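> build the 3D model from these lines:
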Amino acid sequence: MPATILIVDDEQHTREGLELALEDKFDVYLASDPEEAFNLLAAEKFDIVLTDLRMSGSSGMSVIDHAIRLPNRPVCIMMTAYGDVDVAVEAMKRGAFDFLSKPLNLEKLEILIRRGLDSRNLKEENADLHRRLDKKYSFDGILGESSALEEVLEKVRLVAPSKASVLLQGETGTGKELIAQAIHQNSDCARGPFVPVHCAALPANLLESELFGHEKGAFTGATDRRIGRFEAADKGTLFLDEIGEIDPSTQVKLLRFLESKTIERLGSMKPIAVNARLVCATNRNLEKMVKKGEFRDDLFYRLNVIRIQLPSLRERADDVPILLNHFLEEFAEENGLTTPIPSDQALSILRSYSWPGNVRELRNFCENMVVLKRGSEITEYDLDPRFSAPTDLLADERPPGENLSVEENEKRLLRNALVRAGGNRTKAAELMGVSRRTLHRKLDRWPELDVRES
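As a prediction, the model looks like this:
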């Protein structure tokens, strides 16, 4: 379908001359003044508006101003007489794409129209891409499209508007703090503070003061009153990570807050009302800890109102390519380097890897690749041996505490794979998760490792 152009000019021969020159390539409409142009703009969707600046009793600037406010904004080009350049520049500042001086050069006009259409199409494509990426891959900075992740995000959408406490469970590196932030940002307290506390990072004797604050003189070294994290999170969200690490004394105070929504600073008996939403996270099994007497059962039941289990990265392998692309681009931009792209073979290996450190491990891997690889492609040859073989291939006679170099480790993996495959190179390559060609290349390098096929 040809692009539509509205030509606005009060000189009939100019309008008709332009129509004759452009009608073979574009769908052309004509208007003799701004009022007629406004009516056509209301009735039709135009790709290009080409308007004269000076018309009897009116100005083409009003046409520009009207067109750029339309939902489907057309590309606006101004036609000016010699000496009106300053006004044309003002039109561009207000949203016009460009201008041409009369008498018009038709070849230049067509080039300008094509450039305007290309620019408009590119902006629309970028906007559409961002809309689709936002919808498909992102929820408050959380990337992925796997069903396991979508199930988590659906629970976040449901629980965020409520005031219920939330318990997040998942392995280290699964993004528990990101999910907590998503709950906060989609809640009624989103305008309030989000205050994270990593309980395992603080000694027991400091954690209580950190959470609840203290009065001057409450203990040796307490030279001033201190506001705790609970008070800092008032009208917001307090995120307690690694909740399974808190000591019994702090557990009692946390239970009291959940029951009364009040806290007491150390060294004070005065209750302080705190309106904070509590989101907790752990990588431990709190139910087992309750049975062993390591965690209070009444506190567990108060925390476990809404429980969300975060999937490990091996449970959402479909998200690995999306995360790889995102982190590689992020670190490349941060370091001013080219974004490396994994080859099909490398991507297959990375998808099948178990990622014991989950998203955090993948993120660190991407930073390493960007900084050290410094190339346009990541191949299977660039991957550490840990990616290329199942964990059980590491199990051999290795003495405890022995640290192997990368080359020694790779040689041992190769030898074990060949032994287990009975010398069959194809099977050995499959065990290591590499191509047969890669295995041959390694054996050419280390022929002493070869095992004859039985």
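> shaky segments in the stretch 251-400 of the chain?
Applying pLDDT under 70 to the stretch 251-400 of the chain flags residues 374-375, 388-400.
> for it, just list every one of the strands.
262-263, 272-273, 277-282, 306-309, 341-342, 377-378 (DSSP state E, counting those that start in this stretch).
> can you redo those strands as a markdown table with distance to residue 114 and mean neighbour count?
In this view, the C-beta of every residue, glycine as well, is placed from N, C-alpha and C. Below are the strands of the stretch 251-400 of the chain laid out as a markdown table (distance: least, Cβ to Cβ, whole Å; neighbours: other Cβ atoms under 10 Å):
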| stretch | distance to residue 114 | mean neighbour count |
| --- | --- | --- |
| strand 262-263 | 67 | 18 |
| strand 272-273 | 66 | 14 |
| strand 277-282 | 54 | 25 |
| strand 306-309 | 52 | 16 |
| strand 341-342 | 32 | 19 |
| strand 377-378 | 35 | 17 |
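> let me have these in a markdown table, extended by distance to residue 89.
Formatted as a markdown table, the strands of the stretch 251-400 of the chain follow (distance: least, Cβ to Cβ, whole Å):
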| stretch | distance to residue 89 |
| --- | --- |
| strand 262-263 | 62 |
| strand 272-273 | 60 |
| strand 277-282 | 53 |
| strand 306-309 | 56 |
| strand 341-342 | 42 |
| strand 377-378 | 46 |
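> and the nearest residue to residue 244 once chain neighbours are set aside, how far is that from residue 246?
The shortest distance from residue 244 to any non-neighbouring residue, by Cβ to Cβ, 6 or more residues apart in numbering, is to residue 284 (3.9 Å). Per Cβ to Cβ, to the nearest Å, residue 284 is found 11 Å from residue 246.
> roughly how far apart are the residue nearest to residue 244 and residue 224?
Taking Cβ to Cβ, one finds residue 284 at 35 Å from residue 224.
> ok, residue 192 next?
25 Å.
> check residue 116 too.
From residue 116 to residue 224 the distance is 64 Å (Cβ to Cβ).
> which one of these two has more residues nearby?
A direct count of neighbours by other Cβ atoms under 10 Å for residue 116 and residue 224 places residue 116 higher, at 22 against 8.
> the more buried one - that's part of a strand, no?
No - counting by DSSP: H, G, I helix; E, B strand; the rest coil, one finds residue 116 to be helix, located in no strand.
> return the residues in contact with it.
48, 75, 77, 97-98 (Cβ atoms under 8 Å, 6 or more residues apart in numbering).
> in strands, which of the residues you listed appear?
Mapping the contacts of residue 116 onto strands (DSSP state E) picks out 48, 75, 77, 98.
> dig out what the second one forms beta bridges with.
Per DSSP bridges, residues listed as beta-bridge partners of residue 75: residue 48.
> surely it is in contact with residue 121?
No - look at residue 75 against residue 121 with Cβ atoms under 8 Å: they stay out of range, at 9.9 Å.
> of those two, which one has the most company?
residue 75 (25 against 12).
> on the three-state scheme, residue 113 is what?
helix.
> in contact with it, which residues?
Applying Cβ under 8 Å, 6+ apart, we find residue 113 in contact with 3, 5, 26, 48, 50, 75, 77.
> before we move on, the earlier item: comparing residue 284 and residue 246, which residue is more hemmed in?
The residue with more neighbours, out of residue 284 and residue 246, is residue 246; 24 against 14, by other Cβ under 10 Å.
> list phi and psi for the more buried one.
Main-chain torsions, residue 246, degrees, to the nearest 10: phi -80, psi 150.
> tell me the contacts of it?
199, 204, 207, 240, 254.
> between those residues, which is nearest residue 155?
Ranked by distance to residue 155 (Cβ to Cβ), the contacts of residue 246 are led by residue 240 at 19.0 Å.
> separation between that closest one and residue 232?
For residue 240 relative to residue 232 (Cβ to Cβ), the value is 13 Å.
> so between the two, which is more surrounded?
For residue 240 and residue 232, the more surrounded residue by other Cβ under 10 Å is residue 240, and the numbers stand at 25 against 16.
> spit out the contact partners of that one.
197, 199, 246, 254, 278-281.
> want to throw those into CSV with distance to residue 339?
Formatted as CSV, those follow (distance: Cβ to Cβ, whole Å):
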residue, distance to residue 339
197, 35
199, 37
246, 42
254, 45
278, 40
279, 34
280, 37
281, 32
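> next, give me the two most distant ones among these.
246 and 279 (14.8 Å).
> can you give me the helices in the stretch 301-450 of the chain?
With DSSP state H, counting those that start in this stretch as the criterion, the stretch 301-450 of the chain has helices at 320-335, 344-352, 358-368, 385-388, 406-420, 425-432, 436-445.
> please apply the same query to the stretch 151-300 of the chain.
176-185, 204-212, 229-232, 248-260, 286-291, 297-303.
> can I get those helices in CSV with distance to residue 169?
Formatted as CSV, these follow (distance: least, Cβ to Cβ, whole Å):
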stretch, distance to residue 169
helix 176-185, 8
helix 204-212, 21
helix 229-232, 22
helix 248-260, 17
helix 286-291, 8
helix 297-303, 11
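> so which of those is nearest residue 161?
Closest to residue 161 of the helices of the stretch 151-300 of the chain, according to Cβ to Cβ: helix 176-185, at 9.7 Å.
> tell me which other helices or strands that closest one touches.
Applying 3 or more Cβ pairs under 8 Å, 6 or more residues apart in numbering; DSSP states H and E, one finds that helix 176-185 contacts strand 142-143, helix 147-159, strand 166-169, strand 194-198, strand 237-241, strand 277-282.
> which residues of the stretch 1-150 of the chain fall in strands?
4-8, 27-31, 48-52, 54-55, 58-59, 75-80, 98-101, 138-139, 142-143.
> starting at the chain centroid, how far to the last one?
So the one you mean is strand 142-143. The chain centroid and the centroid of strand 142-143 are separated by 5 Å under Cα atoms, centre = their mean, to the nearest Å.
> that one pairs with which strands?
strand 138-139 (antiparallel).
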